[in-house]
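Engineer: Generate coordinates for the sequence data below:
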Amino acid sequence: MGLLLWNAAACSSKKNDEPTPAPTASYQLNGQQVTCQVRAAASTDAGYDYLEMICTTTPQPTSGAETLHVLFYKASSSPNTAYEVADIFFKNSDHPQDAPFDNDMATLEPNSDGSFSGSFSGRRTELAGTIYQKDYVLTAGTFANVRP
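Structural biologist: Predicted coordinates:
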């Protein structure tokens with residue numbers, strides 16, 4: 001009987017010693033694959049919960065810092081499964097202020113370990129001079145195992 005209890009305890013402690021998966025994120029911007037470090041920031045204000053995924057491009061481009069932000073919100077009284085996309089925006093040396101994407105689409109799934117995973121996409125068009133427009137197409141965005 002003592003051996004059986006020892007084996008059960010050994011099995012359960014092994015499960016607790018498993019490393020937590022590292023957060024990951026990537027996306028394509030105008031067809032170029034971008035890998036990034038991702039972190040989450042959570043806040044609450046006026047009855048709403050906000051969860052922001054902040055993707056920092058790695059390695060950083062020589063032109064300067066570059067980040068992509070995916071912002072979700074829900075009513076504070078709602079479960080984590082109720083988060084909806086609020087905005088997706090980009091910051092870099094050309095766009096030091098928030099450069100929002102249009103037609104934002106994103107999913108957010110809570111994982112059993114308290115982290116979040118999801119996907120995102122969007123499109124942004126801006127006038128680049130008086131003659132033509134410049135499109136920014138955001139596709140294949142994913143993040144996984146991100147904790148606030």
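Engineer: looking at it, A144 is touching S117, isn't it?
Structural biologist: Yes - if you go by Cβ atoms under 8 Å, A144 and S117 touch, sitting 4.2 Å apart. Every C-beta, even on glycine, is put in place using the N, C-alpha and C of the backbone.
Engineer: show me where pLDDT drops low in this protein?
Structural biologist: Applying pLDDT under 70 to the chain flags residues 1-17.
Engineer: If we use 50, what do you get?
Structural biologist: Along the chain, the parts satisfying pLDDT under 50 run over 1-14.
Engineer: What ranges does it have for its strands?
Structural biologist: 24-29, 32-45, 48-57, 67-75, 84-91, 99-100, 102-110, 116-128, 132-146 (DSSP state E).
Engineer: Select, out of those, the one closest to E18.
Structural biologist: strand 132-146 (12.8 Å; Cβ to Cβ).
Engineer: which parts of that closest one are buried?
Structural biologist: Within strand 132-146, the residues that count as buried by 16 or more other Cβ atoms under 10 Å are Y136, L138, G141, F143, A144, N145, V146.
Engineer: Look up the closest residue to T24, ignoring the ones flanking it.
Structural biologist: Computed as Cβ to Cβ, 6 or more residues apart in numbering, the closest residue to T24 that is not its neighbour in sequence is A144, at 5.1 Å.
Engineer: hang on, the earlier thing: tell me the two of the buried residues of strand 132-146 that are most distant?
Structural biologist: Y136 and N145 (26.8 Å).
Engineer: Can I get stretch 94-110 in PDB, CA atoms only?
Structural biologist: Provided in PDB are the C-alpha atoms of stretch 94-110 (Å, rounded to 0.1, in the frame of the first residue of the first chain):
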ATOM      1  CA  ASP A  94       6.800  56.000 -39.400                       C
ATOM      2  CA  HIS A  95       3.700  55.800 -37.000                       C
ATOM      3  CA  PRO A  96       4.800  56.900 -33.500                       C
ATOM      4  CA  GLN A  97       1.100  57.400 -32.700                       C
ATOM      5  CA  ASP A  98      -1.400  54.600 -32.900                       C
ATOM      6  CA  ALA A  99      -2.000  53.500 -36.500                       C
ATOM      7  CA  PRO A 100      -5.200  51.600 -36.300                       C
ATOM      8  CA  PHE A 101      -6.200  48.800 -38.700                       C
ATOM      9  CA  ASP A 102      -9.700  48.700 -40.200                       C
ATOM     10  CA  ASN A 103     -11.800  45.600 -40.600                       C
ATOM     11  CA  ASP A 104     -10.300  44.200 -37.400                       C
ATOM     12  CA  MET A 105     -10.900  40.500 -36.800                       C
ATOM     13  CA  ALA A 106      -9.600  38.700 -33.800                       C
ATOM     14  CA  THR A 107     -10.300  35.700 -31.600                       C
ATOM     15  CA  LEU A 108      -9.400  35.200 -27.900                       C
ATOM     16  CA  GLU A 109      -9.600  31.800 -26.200                       C
ATOM     17  CA  PRO A 110      -8.900  31.400 -22.500                       C
END
